[in-house]
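*Asks:* Mind looking at a prediction? Sequence and model below.
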Amino acid sequence: MHLAGIALGSKDGCAVLVPCISPRYDSIVELTGQSEALEQRLIPSTSELNSYPLRVNHATWQRNLDAAEESARFWIHTCQQEAKDELFRPNSTEDCRKALGLPPGTSTDADTLADLALKGSKLAPLISVARTEMLIRGQLRKWGGYARAGAVQPHWDSMGTPHGRYSSENPCLNNRVSVIRETVEADEGCSFLSFDLSQAEYVVWASLSKDPTLCTAFESGQDFHTGMAELVQREVPPWNPPDLRAAGKTINFALLYMMQVTTLAYRLGCPVETAARISSIYFKRAARAKEYITETLTRAKSEGFIETYFGRRRYCPELQVATDQKEVHQHQKSLWNHHIAGTAAEITKWKQVRACDGLRMAEFSEQHARLCFQGYDACIWHVNDQYLDDVRSEVEERWNLKEERFLCFKSKVRVGKTLAAVTG
C-alpha cells in the first residue's frame with residue numbers, strides 16, 4: 001500500500017506529504033517546479049468555489065427522475081427477456097457471467113462486453129445500455145436531498161486527484177450526468193459563463209511530441225476530429241461511418257488513451273480487423289506521437305515517476321514490479337493519463353488563476369462574478385447579468401493568452417441559465 005498524499009513542499013531536502021481529502025487514490029504525488037507555485041496561486045479561487053452554494057430546481061429534478069426510472073425499467077426488462085430470466089440484474093457481475101456463459105472470475109467490464117458484442121452476443125450490448133441507464137437513475141435518486149433542499153455546496157479541492165484535476169466531494173459535481181446538471185440553475189438575474197479548452201489533451205500531446213501530423217491538423221484551423229477521420233478513411237476504404245466527426249472523435253481519444261482494439265471496434269461499430277487497420281494507419285501517420293508515448297513511459301519505468309510538464313510528479317513503483325501484461329497496460333494507461341491530462345488540467349488552472357486575478361484587479365467583486373465550477377478543462381463563473389458583457393471581455397482576454405511551448409488552444413464560450421447549458 002502506497003501512501004496517498006500530495007507533497008506541498010520540502011523540509012531538509014525531503015518531500016512533505018499531506019493526505020489527500022479523497023481516499024479513492026493510492027498514489028504518492030509530489031509538487032515540483034511550477035506546479036508548487038501554481039497550487040499556492042489557486043488558494044483564493046478555490047476558496048471562492050467553496051464559499052457559495054448553487055441553486056437546485058426541485059421540479060426539474062423530479063421530471064428527470066421520473067423519466068430515468070421509466071428508462072431504466074425498460075432496459076432492465078429488455079435484458080431479462082433476452083436472458084430469459086425475469087430476475088436477471090444487469091449490474092450483477094454474477095448474473096451477467098451466468099447469462100453470458102462466462103467462467104467464474106471472468107470480468108464483465110465494458111471491454112469484455114464490447115468484445116462479446118462484436119462476437120455476436122445480443123445480450124452484451126443490452127447490458128451496457130442498461131447499466132448506463134441505471135447509473136443515471138442512481139445519480140438522480142442520490143441527488144434527491146439537494147433537490148429538496150434547493151441548494152448544493154460541494155467541497156472543491158485543487159489537489160484532490162493525482163493528475164491535478166480538481167475534485168469535488170460531498171457531493172461530486174465533476175462527473176454528474178447532464179440530467180443532474182439541468183437541475184443546477186443560476187440565481188435570479190444571473191447567468192453561468194463558461195470558458196473551456198477544446199481538445200486540450202490532444203493539443204498537449206501534439207505540442208509536447210512535436211508530431212508534424214498532429215501539429216499541422218491543429219494549425220490548419222480545420223475541425224480536428226473530422227480531419228483525422230477523413231485522413232484515416234482515405235487509407236481504409238471499406239470504413240465508411242455514418243457520422244464522420246463522431247467517429248473521428250472516438251478514434252482520437254481511443255488512441256490517445258491507449259484503448260484496446262476490440263473496444264475501439266465496438267465503439268466504431270466495425271470489425272476488429274478494421275479497427276486494427278485504423279489504429280495502424282493512424283500511428284503510421286502520427287509516428288512521432290506514438291514514439292513520444294513509448295519514450296515517456298520508458299522514462300517513467302526507469303526513473304520511478306512520471307510528471308506533468310509543470311512538475312506535478314507521480315511515483316510509480318507498481319510499474320516496475322508488474323509482470324502481467326494486462327496489469328502493465330493498465331498502469332501505463334494511468335501514468336500516461338497523468339502526464340497528458342494532468343498537463344492539460346494545469347494549463348486550465350493557470351488560465352483560471354489569471355482570469356480570477358484579472359477580475360479582482362478590474363474591481364469586479366464576488367457579487368458581480370465568482371468562480372462556481374471547475375470542470376477539468378473548463379471554468380464556469382456565476383455572473384450578475386448587468387456585468388455579463390464586461391466580465392466576459394475581461395476573462396476572455398486573459399483566458400486566450402498563449403501558453404509558452406504549447407500550440408494555441410481553441411476555446412468555447414457559453415452563456416446559460418443552467419450548468420447543462422454551459423457544459424459539453
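*Replies:* Ah, there it is.
*Asks:* Show me which positions of stretch 110-122 end up buried.
*Replies:* Neighbour counts over stretch 110-122 (16 or more other C-beta atoms under 10 Å) mark Thr112, Leu113, Ala114, Asp115, Leu116, Ala117, Leu118, Ser121 as buried. Glycine gets a C-beta too; all of them are placed from N, C-alpha and C.
*Asks:* Is it correct that the last one is in contact with Ala99?
*Replies:* Okay, so that is Ser121. No. The criterion here is C-beta atoms under 8 Å, and Ser121 misses it with Ala99 at 9.7 Å.
*Asks:* ok now do the spatially closest residue to Asp223 that is not a sequence neighbour, which residues does it touch?
*Replies:* Nearest residue to Asp223 in three dimensions, chain neighbours excluded: Arg245, at 6.6 Å (C-beta to C-beta, 6 or more residues apart in numbering). Taking C-beta atoms under 8 Å, 6 or more residues apart in numbering, we find Arg245 in contact with Asp223, His225, Thr226, Ala229.
*Asks:* Quick one: the strands in the protein, in order.
*Replies:* Ranges of strands within the chain are 5-11, 14-19, 28-31, 54-56, 151-152, 155-157, 167-169, 184-185, 190-197, 305-307, 312-315, 369-374, 378-384, 411-416, based on DSSP state E.
*Asks:* give me phi/psi at the residue lying closest to His329 once chain neighbours are set aside?
*Replies:* Nearest residue to His329, sequence neighbours excluded (C-beta to C-beta, 6+ apart): Met258, at 7.1 Å. For Met258, the backbone dihedrals are phi 60, psi 40 (criterion: degrees, to the nearest 10).
*Asks:* tell me the contacts of Met258?
*Replies:* Residues in contact with Met258 (C-beta under 8 Å, 6+ apart) are Ile293, His329, Gln332, Lys333, Trp336.
*Asks:* if we go to 7 Å?
*Replies:* Gln332, Lys333, Trp336 (C-beta atoms under 7 Å, 6 or more residues apart in numbering).
*Asks:* List the buried residues of the longest helix anywhere in the chain.
*Replies:* If you go by DSSP state H, the chain has its longest helix at helix 325-361. Using 16+ other C-beta under 10 Å as the test for burial, helix 325-361 gives 331-332, 334-356, 358-359.
*Asks:* which residues touch stretch 98-110?
*Replies:* Residues outside stretch 98-110 that contact it (C-beta under 7 Å, 6+ apart) are Ala83, Asp85, Phe88, Thr93, Cys96, Arg97, Leu116, Ser121, Leu123, Ala124, Ser128.
*Asks:* Please repeat the previous calculation with a cut-off of 10 Å.
*Replies:* If you take C-beta atoms under 10 Å, 6 or more residues apart in numbering as the criterion, stretch 98-110 is touched by 79-80, 82-85, 88-97, 112-113, 116, 121, 123-124, 127-128, 131-132, 263, 266-267, 326.
*Asks:* so how far is the first residue of that stretch from its last?
*Replies:* Across stretch 98-110, the terminal residues are separated by 17 Å (C-alpha to C-alpha, to the nearest Å).
*Asks:* tell me the average confidence for that stretch?
*Replies:* For stretch 98-110, the mean per-residue pLDDT is 93.
*Asks:* List the buried residues of it.
*Replies:* Judged by neighbour count using 16+ other C-beta under 10 Å, the buried positions of stretch 98-110 are Ala99, Leu100, Leu102, Thr108.
*Asks:* Go through the residues you listed and say which is closest to His58.
*Replies:* Distances from His58 to the buried residues of stretch 98-110, taken as C-beta to C-beta, are shortest for Thr108 (36.1 Å).
*Asks:* next one: phi and psi at that closest one?
*Replies:* phi -120, psi 40.
*Asks:* so who does Arg285 touch?
*Replies:* Taking C-beta under 10 Å, 6+ apart as the criterion, Arg285 is in contact with Asp211, Pro212, Thr213, Leu214, Ala217, Met228, Leu231, Val232, Glu235.
*Asks:* State the distance from Lys249 to Cys379.
*Replies:* According to C-beta to C-beta, to the nearest Å, Lys249 and Cys379 sit 22 Å apart.
*Asks:* same thing with Val236?
*Replies:* For Val236 relative to Cys379 (C-beta to C-beta), the value is 38 Å.
*Asks:* Which one's more surrounded, the two?
*Replies:* Cys379 (26 against 16; other C-beta atoms under 10 Å).
*Asks:* and that one, what is it in contact with?
*Replies:* Contacts for Cys379 were tallied using C-beta under 10 Å, 6+ apart; they are 45, 49, 166, 193-197, 348-349, 351-352, 355-356, 371-373, 395, 399.
*Asks:* Check Asn175 too.
*Replies:* Each residue near Asn175 by C-beta under 10 Å, 6+ apart is listed here: Gln139, Ser167, Ser168, Gly375, Tyr376.
*Asks:* Give me the distance from stretch 198-213 to the chain's centre.
*Replies:* Chain-centre distance of stretch 198-213: 17 Å, with C-alpha atoms, centre = their mean, to the nearest Å.
*Asks:* Please identify the buried residues of it?
*Replies:* If you call a residue buried by 16+ other C-beta under 10 Å, then stretch 198-213 has these buried ones: 198-209, 211, 213.
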